[in-house]
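Novice: Give me a 3D structure for the following:
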Amino acid sequence: MERESSEPAGQPSRRGSSVRAIKLVLAYDGTDFSGWQRQKNGRSVQEELEKALAKMHGHEIRVTGAGRTDAGVHAMGQVAGFYTDIRSIPADRFVLALNKLMPRDVRVLSSEEAPPDFHARFDASLRRYRYFLVCGGTPDPFALRYAHCIPYYPRIAVLNAAAAVVLGEHDFSTFASAQDKSESRSRHISESIFFFEGGRLVYQVAGNAFLWRQVRSLVGSFLEIERIAENPAHGEVLMRQLLESRDRGRAGATAPACGLFLWNVEYGARTHGHPRRHSGTGVQGDRRPSSDAPADSGARTSDAASDAASGTVFPGPRLVPGLGWIDERE
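Specialist: Here you go, the predicted model:
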């Protein structure tokens, strides 16, 4: 259900002030997090960001992320959105203020004002992930934290023959977690390729959305196929059979979370998946239980902008770390 509002989209009236939509780009080390999404038991990136915003605003602020990364998964370009009723902080200055308030394993890279009805998750048109592998030899301790280490060098031609099979629109039931609640298992993949970069083997994949643990399941399956395939053509055949089987039991072991990064999120016209669902209220927020960003399925529940502009009136100047004293009084 979606909240009804008599106020113009994204512009609840508060003593003549306006509520602004802010778009953030974040990076985080997911090692010590239970994932992006707030959890009852466990530390989450969303919780850390909302705690920092609450300190700045003096009241609760809800945040929506573009991708619900799982426990142990990292991000270089996660996007988040929220509404602020602070008028005196320029949008680009939220970077400094939030980084003063958050732990070192989460950093805001940029902040900007967004359209009033911006929704970080439902407006996203493409999500790109990278999975890093260190091949052969003895890995250093940093590799163990940010990559999956395998003791051999796989045949990249076989890996890419298998990776090319998933390009386009497919039912990815084979690679979906049994706990994924998405109504549809169909996703469109626009990039799927292995390459070496900086001494590491990288799998880069991009699509309109992903099922829970889909990328890690794909990586594990590619590695398994590479081990048994006689040549690239055989690898392609094996991968096609696996994809078309829609049998989760035939997939390879799910690759560890440590190697996976949400690399970046793009916004623009959608050419695949469901169209953006507008509520007409310009609010953000979503409480559907999930992890790995099935961004195009299900209905949207929204109530964050009204929380951000719930009528709280600040009595005087407030000290915001990194920005000094701000005064929201008329």
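Novice: the helices in the protein, which residues?
Specialist: 45-57, 94-101, 141-146, 156-163, 214-228, 232-245, 304-308 (DSSP state H).
Novice: Ok, which of these comes nearest residue 116?
Specialist: helix 304-308 (8.6 Å; C-beta to C-beta). Yep, even glycine has a C-beta here, placed from its N, CA and C like the rest.
Novice: The helices of the chain: lowest mean pLDDT?
Specialist: Comparing mean pLDDT over these, the weakest stretch is helix 304-308, at a mean of 40.
Novice: care to break this protein down by domain?
Specialist: 20-123+276-326, 126-263 (automatic domain parsing).
Novice: Lowest average pLDDT across these?
Specialist: Ranked by mean pLDDT, the domains of the chain bottom out at domain 20-123+276-326, with a mean of 78.
Novice: JSON lines for the helices of the chain, including mean neighbour count?
Specialist: Below are the helices of the chain laid out as JSON lines (neighbours: other C-beta atoms under 10 Å):
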{"stretch": "helix 45-57", "mean neighbour count": "20"}
{"stretch": "helix 94-101", "mean neighbour count": "20"}
{"stretch": "helix 141-146", "mean neighbour count": "13"}
{"stretch": "helix 156-163", "mean neighbour count": "22"}
{"stretch": "helix 214-228", "mean neighbour count": "23"}
{"stretch": "helix 232-245", "mean neighbour count": "17"}
{"stretch": "helix 304-308", "mean neighbour count": "23"}
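Novice: Please convert these to a markdown table, extending it with distance to residue 184.
Specialist: A markdown table is the format used below for the helices of the chain (distance: least, C-beta to C-beta, whole Å):
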| stretch | distance to residue 184 |
| --- | --- |
| helix 45-57 | 25 |
| helix 94-101 | 35 |
| helix 141-146 | 32 |
| helix 156-163 | 23 |
| helix 214-228 | 13 |
| helix 232-245 | 16 |
| helix 304-308 | 26 |
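Novice: so which of those helices comes closest to residue 131?
Specialist: helix 214-228 (5.0 Å).
Novice: Need the CA coordinates for that closest one. CSV is fine.
Specialist: Extracted in CSV, the C-alpha atoms of helix 214-228 (Å, rounded to 0.1, in the frame of the first residue of the first chain):
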residue,chain,number,x,y,z
GLN,A,214,22.5,-14.9,-8.3
VAL,A,215,25.9,-13.4,-9.1
ARG,A,216,27.7,-15.6,-6.6
SER,A,217,25.9,-18.7,-7.8
LEU,A,218,26.8,-17.8,-11.4
VAL,A,219,30.5,-17.5,-10.5
GLY,A,220,30.5,-20.8,-8.6
SER,A,221,28.9,-22.5,-11.6
PHE,A,222,31.3,-20.9,-14.1
LEU,A,223,34.3,-22.2,-12.1
GLU,A,224,32.8,-25.7,-11.9
ILE,A,225,32.1,-25.8,-15.7
GLU,A,226,35.7,-24.6,-16.4
ARG,A,227,37.0,-27.5,-14.4
ILE,A,228,35.1,-30.2,-16.4
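Novice: Run a quick neighbour tally on the residue nearest to residue 179 when sequence neighbours are not counted.
Specialist: Spatial nearest neighbour of residue 179, excluding adjacent residues (C-beta to C-beta, 6 or more residues apart in numbering): residue 212 at 6.6 Å. Using other C-beta atoms under 10 Å, residue 212 is surrounded by 22 other residues.
Novice: residues in contact with the residue nearest to residue 92 when sequence neighbours are not counted?
Specialist: Computed as C-beta to C-beta, 6+ apart, the closest residue to residue 92 that is not its neighbour in sequence is residue 111, at 5.8 Å. Contacts for residue 111 (C-beta atoms under 8 Å, 6 or more residues apart in numbering) come out as 22, 23, 24, 25, 91, 92, 93, 94, 95, 98.
Novice: wouldn't residue 152 be in contact with residue 133 here?
Specialist: No - if you go by C-beta atoms under 8 Å, residue 152 and residue 133 don't touch, sitting 10.6 Å apart.
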